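Q: Could you work out the structure for the sequence below:
(2 chains)
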Amino acid sequence: MEDVPMTGADAEITAPPSLRVQQEQGCLSVFFDGDWIWRAPQPSLMSLDKALGKGVTEVFCHAGAVKQWDSSLLALLLRLRRQCEEARIAFRADTLPPHLKRLLEEVPQIKPPAAPTPEQPRLFQSAGLKAISVFDGAYRALYFTGECAQALARACRVPKALRWPECRMVMQECGPASLGIVGLISFLTGCILAWQGALQLRQFGAEIYVADLVGVGLVREMGPIMVAIVLAGRIGASFAAHLASMEASEEVDALRTWGFSPVQFLVLPRLMALTCMMPLLVLYADLLGILGGLMVSVGVLGVARSAYLSETWQALQLSDLQVGLLKSLVFAAGVAGIGCATGLKADRSADGVGVATTSSVVKSILFIIVVDAIFGACSHT
Amino acid sequence: MSANETKAIVVRNLDCGYEQKMVLLGLNFEVRHGEIFVIMGESGCGKSTLLKHLVGLNPPSAGEVVFLGRDFSSARGPEREEIQKRFGVLYQSGALWSSLTVAENVALPLIEHTALDKKIIAELVMLKLALVRMDPYAHFFPSELSGGMKKRVGLARAMALDPKILFFDEPSAGLDPPSARELDDLMKRVRDTLGTTLVVVTHELASIFAIADNAMMLTKESRGLVEIGRPAEMARQSPHAEVRAFLNRLPRGHAGTTKSHDTN
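A: Below you'll find the predicted structure:
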């Protein structure tokens, strides 16, 4: 019999693969023919599977007519051999070409390991685990806040402890590089507020109060919230992804082994940069938002420009600005802290980086809304 | 049959590098069917860059790469995909897809590129894993494996479509000596049992001497290849001092054991 070696992926198909079964009493002969290459259309295995169940005691494989073959024939023979073993049928491969036989012997017994069955969580067990994870998360958040406070105190005592070059680089990313997106969103928010407000106020002939609505609404609420949400997506997520990648590539471990605190080295510059930049961005967003409201009021509602500006000036109080800026400071610290903390505790894998990034954005937005609600509740009591 | 078809790989006048920075210029070499061909050289000489150009991750600035008689560098669309299925790559870290199990990693190319029955694919996956002795770990995730195990699974995945050519990027990097030896033996076994051509980028001397039929030495200074030959012979009697120094593990600038034919 001709010993045809295994064909590689460059083989040309001359005849499609086929198999034929022939049974004589308990003896089943399986004849393979053609080119058994995975790129060729594969024959059905039904006839073979059916024949095996009919009192067969011995299976003979004949592959002498096979012109070319690759792993697909080998896999089929392995499957047949296992079926025979399971059904206690003798499997005879003596007539196979030596190359094929050798490869069959190379992998004598492959038994796919049983897939691990995931343990079904019980109700009390999962509730308990959830409670533990909530407490654990709260403890870690508190611990991280403490570490940040400690690092900040150290930076105040020893200004060299803060890595200024990194801080400046992050400031550039948070501030000037975000002006475009923050400006556009704030301007459009001002336009939308003015338009929606005008629709209601027009019924009472009070279009001029659109200026109050836009001014106070933006400076107190919408400005800080919109900027914080934009930065949570743009900057908080990038902090999380960056730190998670550093964790995955053991850069954070290297810092620790050198005795550097990752919080001091990585978190503090980001925290400082975002906390410095967010209030400035909020001021910029307030101005652009008021400009948007002004353009809608003057262009669409026919309100005089000077009247709009003087109404805005009268409506706005210093306390509105103070509350807005205070909120922006808290939001900045929260977004930076959550981004960094999520990145630092990420799993060391590509998945871990993705999960940390998503989780940081979700947590940051939740934080922003909850803190804003607390501010709202406090300012009315 | 043309002369090119008798070779697994033919590289002609290939320039390798990134935009402004060309690392290798006018490279010419051939790899025979069924041989283990090692690309060696000091760190930074462009070994991995050359590999990226060979497997098509970087487009060549000039020159051509011919696999099994078909020009890969100028091939586009379906023809390029067809040629890509004829070679496999084992990356330095294994580059397993972390969200898939070991078996799923090997199965993915078979599911995407073949019309084989699911049961046959499952059998093929176990066969490839058994060839690299990783069948007991079929349901493990890559994060649960050691570096050597990841590389073995990476090899099983690279072999999924029965390629005629396999590329290895620094296969011994990060492995303990027994694991590196096992991988060397495995590579030889793959060549002997399947007749696959292996192109290995490495600077591990033990591996080079253990597996290479032919080796090509690249240097930073020449921005190209200095010599091609059998490693043992090159170590003894290469006319190039840097080749002898490299293969005899001597400090740079050392003339090596033979000083008679220095050309530099």
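Q: Burial check on residue 133, number of neighbours?
A: You didn't pick a chain, so chain A it is. Residues near residue A:133, counting by other CB atoms under 10 Å in any protein chain shown, number 10. Where C-beta positions appear, they are placed from N, C-alpha and C, glycine not excepted.
Q: um, chain B though
A: 14.
Q: The host helix or strand of residue A:103 and chain B, are they touching?
A: For residue A:103, the host element (DSSP states H and E) is helix A:98-106. Yes. Counting by CB under 8 Å from any CB of the partner chain, contacts between helix A:98-106 and chain B involve A:102-103, A:106.
Q: Can you list the helices and strands that that helix packs against?
A: helix A:71-86, helix B:177-194 (3 or more CB pairs under 8 Å, 6 or more residues apart in numbering or on different chains; DSSP states H and E).
Q: buried set for the helix or strand of chain A with the lowest mean pLDDT?
A: Lowest mean confidence among the helices and strands of chain A (mean pLDDT, DSSP states H and E): helix A:98-106, at a mean of 78. Within helix A:98-106, the residues scored as buried using 16 or more other CB atoms under 10 Å in any protein chain shown are A:99-101, A:103-104.
Q: Then stretch A:19-28?
A: Those would be A:19, A:21, A:28, for stretch A:19-28 by 16+ other CB under 10 Å.
Q: gap between the nearest residue to residue A:74 once chain neighbours are set aside and residue A:97?
A: Leaving aside its sequence neighbours, residue A:74 sits nearest to residue A:103 (CB to CB, 6 or more residues apart in numbering or on different chains; 5.7 Å). Applying CB to CB, to the nearest Å, the value for residue A:103 to residue A:97 is 10 Å.
Q: Give me the residues contacting the worst-scoring helix or strand of chain B on mean pLDDT.
A: Lowest mean confidence among the helices and strands of chain B (mean pLDDT, DSSP H and E): helix B:77-84, at a mean of 83. Helix B:77-84 is contacted from outside by B:56, B:67-68, B:70, B:72, B:75, using CB atoms under 8 Å, 6 or more residues apart in numbering or on different chains.
Q: redo that, cut-off 10 Å
A: Contacts with helix B:77-84, where a contact means CB atoms under 10 Å, 6 or more residues apart in numbering or on different chains, come from A:9-10, A:39, B:55-56, B:65-68, B:70-75, B:113, B:161, B:163.
Q: again, but for stretch A:143-150
A: Outside stretch A:143-150, the residues that reach it (CB under 10 Å, 6+ apart) are A:261-264, A:267-268, A:271, A:333, A:336-338, A:340-341, A:344-345.
Q: For these, which single residue is the most surrounded?
A: Busiest of these [other CB under 10 Å] is residue A:336, holding 29 neighbours.
Q: Surely that residue is in contact with residue A:271?
A: Yes. Between residue A:336 and residue A:271 there is a contact at 4.5 Å, judged by CB atoms under 10 Å.
Q: and for the two, which residues touch both?
A: Contacts common to residue A:336 and residue A:271, judged by CB under 10 Å, 6+ apart, are A:148, A:170, A:239.
Q: so which of the residues you listed comes closest to residue A:323?
A: residue A:148 (23.8 Å; CB to CB).
Q: What helix or strand is that closest one located in?
A: helix A:123-157.
Q: got the buried residues for that helix?
A: Result for helix A:123-157 [16+ other CB under 10 Å]: buried residues A:144, A:147-148, A:151-152, A:154-155.
Q: if we can go back for a sec, after the least confident helix or strand of chain B, which helix or strand is next?
A: strand B:87-90.
Q: Now look at that next one and say if it contacts chain A.
A: Yes. Residues of strand B:87-90 contacting chain A under CB under 10 Å from any CB of the partner chain: B:87-88.
Q: For that strand, what is the distance to the chain centroid?
A: Offset of strand B:87-90 from its chain centre (CA atoms, centre = their mean, to the nearest Å): 7 Å.
Q: Over to stretch A:83-92?
A: Mean-position distance between stretch A:83-92 and its chain equals 48 Å (CA atoms, centre = their mean).
Q: If you average the pLDDT over that stretch, what comes out?
A: For stretch A:83-92, mean pLDDT rounds to 85.
Q: what comes into contact with it?
A: Contacts of stretch A:83-92 (CB under 10 Å, 6+ apart): A:26-29, A:48-49, A:52-53, A:55-62, A:77, A:80-82, A:104, A:109, A:111.
Q: Out of the buried residues of helix A:98-106, which is nearest to chain B?
A: The nearest member of those to chain B, counting by CB to the nearest CB, is residue A:103 at 6.2 Å.
Q: where does that closest one sit relative to residue B:127, distance-wise?
A: Residue A:103 is 9 Å from residue B:127, by CB to CB.
Q: pLDDT on the helix holding residue A:148, on average?
A: Rounded mean pLDDT across helix A:123-157 is 91.
Q: Over to stretch A:191-198?
A: Stretch A:191-198 comes out at a mean pLDDT of 91.
Q: tell me the angle of the one helix or strand residue A:332 maps to relative to helix A:123-157?
A: In this structure, residue A:332 sits in helix A:318-344 according to DSSP H and E. Calculated by axes from the mean of the first three to the mean of the last three CA atoms, to 10 degrees, helix A:318-344 forms an angle of 110 degrees with helix A:123-157.
Q: Which neighbouring elements make contact with helix A:318-344?
A: Applying 3 or more CB pairs under 10 Å, 6 or more residues apart in numbering or on different chains; DSSP states H and E, we find helix A:318-344 packed against helix A:123-157, helix A:164-174, helix A:210-216, helix A:223-231, helix A:237-248, helix A:262, helix A:268-296, helix A:350-379.
Q: Excluding its own residues, what touches the shortest one? List them.
A: The contact list for helix A:262, computed with CB under 10 Å, 6+ apart, reads A:147, A:151, A:243, A:246-247, A:251-253, A:255-256, A:268, A:340, A:343-344.
Q: repeat that for 6 Å
A: A:252, A:255 (CB atoms under 6 Å, 6 or more residues apart in numbering or on different chains).
Q: again with the second one
A: The set of residues external to helix A:164-174 that reach it, using CB under 6 Å, 6+ apart, is A:235, A:269-270, A:272-274, A:277.
Q: With respect to residue A:198, which of those residues is nearest?
A: Checking those one by one against residue A:198 (CB to CB), the nearest turns out to be residue A:277, at 33.0 Å.
Q: in the stretch 151-264 of chain B, which spans are strands?
A: B:165-169, B:197-201, B:214-219, B:224-229 (DSSP state E, counting those that start in this stretch).
Q: which of the ones you listed has the lowest average pLDDT?
A: Looking at those, the weakest mean confidence is strand B:224-229, a mean of 88.
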